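>>> Here's a sequence, model it:
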Amino acid sequence: MTLVAILSLLIMIFLLILFFVIWFWINLSNKSPYYPSIVKKIQSLVDDKEISISANTKFVDLGSGDGRVVFYFAKLNILQADGIEINPFLSLLSRFLKTVLRLKNVKIYNKDFLKHDLGCYNLVYMFLIDNQIDKLLEKIKQEKKNSEVIVISNTFQSSKFLPYKKVDTFYFYKI
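Residues are numbered from 1 along each chain as shown. Model (predicted):
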């Protein structure tokens, strides 16, 4: 091997290690780890009419990760499908996949969802741990604009708000 090839290999190894160090640091500093949703379970909720979708639906996935749930809803031809993800690597991946899939009704935000105005959405999905759900439901209640908001929480439920129904591992709230 030549010196240039060895240096290139060392630089690539260094960058890979740096990437993983930053990735783990971001995941440890976040309150919720990245744990992707199973889209087939969400698809069955839509197919069974547990979630009503219309052309006027404005959907947001809080902690959208790689965007798989956002992309699924966007393909249902709804008005708007947004994802909010604090991890810059995952939001960058989501933006890349959005471009590849050519989805025009999708926006991916790289920010803390507690700092995003949630009042314009009428369908909210989250797969977050318990202590964040109460804060978010209260935030949605304060910010909503005159219409009812359906909030779907995967696996975890609120300690302050009562769900109006539970299907499989999903808790449904009307705010």
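>>> Now do the contacts for G67.
When contacts are counted by CB atoms under 8 Å, 6 or more residues apart in numbering, G67 touches D61, G83, E85, L90, L93, S94, L97, K98, V106, I108. Just so you know, the C-beta spots here come from the backbone N, C-alpha and C atoms, and that holds for glycine as well.
>>> give me the number of residues near the first one?
Read that as D61. D61 is surrounded by 29 other residues when neighbours are defined as other CB atoms under 10 Å.
>>> Any idea what it is bridged to?
For D61, the beta-bridge partners are G83, Y125 (DSSP bridges).
>>> I'd say it and G83 touch.
Yes - using CB atoms under 8 Å, D61 and G83 qualify as a contacting pair, with a distance of 4.8 Å.
>>> Overlap in contacts, those two.
Overlap between the neighbourhoods of D61 and G83 consists of G67, V69, V70, taking contacts as CB under 8 Å, 6+ apart.
>>> Which of those sits closest to K145?
Comparing the shared contacts of D61 and G83 against K145 with CB to CB picks out V70 as the nearest, at 21.1 Å.
>>> For the closest one, which non-adjacent residue is closest in space?
In space, not counting the residues next to it along the chain, V70 is nearest to G83; the distance is 4.0 Å by CB to CB, 6 or more residues apart in numbering.
>>> where does the protein have low pLDDT?
Under the criterion pLDDT under 70, the flagged ranges of the chain are 20, 22-33.
>>> Please parse this protein into its domains.
Recorded structural domains for the chain (assignment: automatic domain parsing) are 1-30, 39-174.
>>> Quick one: residues contacting the spatially most central residue of the chain.
With distances taken as CA atoms, centre = their mean, the residue of the chain nearest its centroid is S64 (1.6 Å). S64 makes contact with V70, G83, I84, E85, L90, S91, S94, I108 under the criterion CB under 8 Å, 6+ apart.
>>> go again using 10 Å as the cut-off
By CB atoms under 10 Å, 6 or more residues apart in numbering, the contact set of S64 is 37, 70-71, 81-87, 90-91, 94, 106, 108-109, 113, 125-127.
>>> same deal with K40?
D47, Y72.
>>> Would you agree it falls within a helix?
Yes - assessed by DSSP: H, G, I helix; E, B strand; the rest coil, K40 belongs to a helix.
>>> Could you tell me how far it is located from N122?
Relative to N122, K40 is positioned 24 Å away (criterion: CB to CB, to the nearest Å).
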